[in-house]
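>>> predicted model follows, preceded by the sequence.
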Amino acid sequence: MARLAPLPAEAAPDLKDSFNRYQELLGYVPNSVLIMQRRPKMVKALAQLASSVWDPASEVAIGFKRLVAYMASRTHGCNYSMAHAAEAAHRAGIDDAKLEAVVDYRTSPLFTEAERVALDFAVAAASQPNTVTDELFERLKKHWTEGQVVELAGAVAINGFLNRWNDTMAPALEREPIEFGEKHLTRHGWRVGKHRP
């Protein structure tokens, strides 16, 4: 159960553009943002950052960046963000088999070496304490340009904020990510948990 109730989207008319961005990115306005709107500047800043991290003109495919975000959220243990990231990866074109195999990315033939090192990076960057080493960073740079590395780090970092926010505020998970999570993520231990509506 949410520790603060989400406010109706109409509660802050000056957030209409920000809410429209979430609608475009996700297909709905997340309950986490409806809680956050008590501080409109935070919503606007997050929407702007999200728009740049998930920019369709990115060099790294959006679907793969969403998988990176999923692995970061899985490492953090945030079920709310895991469901959002996995569903968003699917909507961005990641095939269900690949999505369901992501926890086995090190051995799955569905992942390239470049993807494996990026997912290693996501797990290391999301770990507490951070376990990114110089060696891992050098491996990453063998497969990804510096600009792409920044994009990958951005996907991990925005989810770091969201994971802390969502685990603290415990917003109810929306219907779409619940259905997606129950269909694709439960075999790897995902549960709605405290985010049950």
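That came in fine, so what should we check first? Numbering: from 1, shown residues only.

>>> how many neighbours does the residue nearest to Glu59 when sequence neighbours are not counted have?
Among residues not flanking Glu59 along the chain, Gln148 sits closest, at 5.1 Å (Cβ to Cβ, 6 or more residues apart in numbering). For every residue, glycine as well, the C-beta is placed using N, CA and C. Summarising burial for Gln148: neighbours were counted as other Cβ atoms under 10 Å, giving 18.

>>> which element is the residue lying closest to Ala118 once chain neighbours are set aside on?
Spatially, and ignoring its direct neighbours in sequence, Ala118 is nearest to Leu152 (5.5 Å; Cβ to Cβ, 6+ apart). Assigned by DSSP states H and E, Leu152 belongs to helix 146-169.

>>> other SSEs contacting the helix or strand just after that helix?
Once the chain leaves helix 146-169, the next helix or strand it forms, by DSSP H and E, is helix 175-184. Counting contacts by 3 or more Cβ pairs under 8 Å, 6 or more residues apart in numbering; DSSP states H and E, helix 175-184 is packed against helix 79-91, helix 96-101.

>>> could you check the angle helix 175-184 makes with the first one?
In other words, helix 79-91. Counting by axes from the mean of the first three to the mean of the last three Cα atoms, to 10 degrees, helix 79-91 lies at 80 degrees to helix 175-184.

>>> packing partners for helix 79-91?
Using 3+ Cβ pairs under 8 Å, 6+ apart: helix 79-91 touches helix 16-26, helix 62-76, helix 96-101, helix 146-169, helix 175-184.

>>> look up phi and psi at the residue nearest to Thr145 when sequence neighbours are not counted.
Nearest non-adjacent residue to Thr145, counting by Cβ to Cβ, 6+ apart: Glu59, 6.9 Å away. When quoted as degrees, to the nearest 10, the phi and psi of Glu59 stand at phi -80, psi -30.

>>> residues near Ile178, how many?
17.

>>> ok now do it, which residues does it touch?
Ala83, Val192, Pro197 (Cβ atoms under 8 Å, 6 or more residues apart in numbering).

>>> out of those, which end up buried?
Among the contacts of Ile178, the ones that count as buried by 16 or more other Cβ atoms under 10 Å are Ala83, Val192.

>>> make TSV from the contacts of Ile178 and add distance to Ala89 and pLDDT to it.
Below are the contacts of Ile178 laid out as TSV (distance: Cβ to Cβ, whole Å; pLDDT from 0 to 100):
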residue	distance to Ala89	pLDDT
Ala83	11	98
Val192	18	97
Pro197	23	94
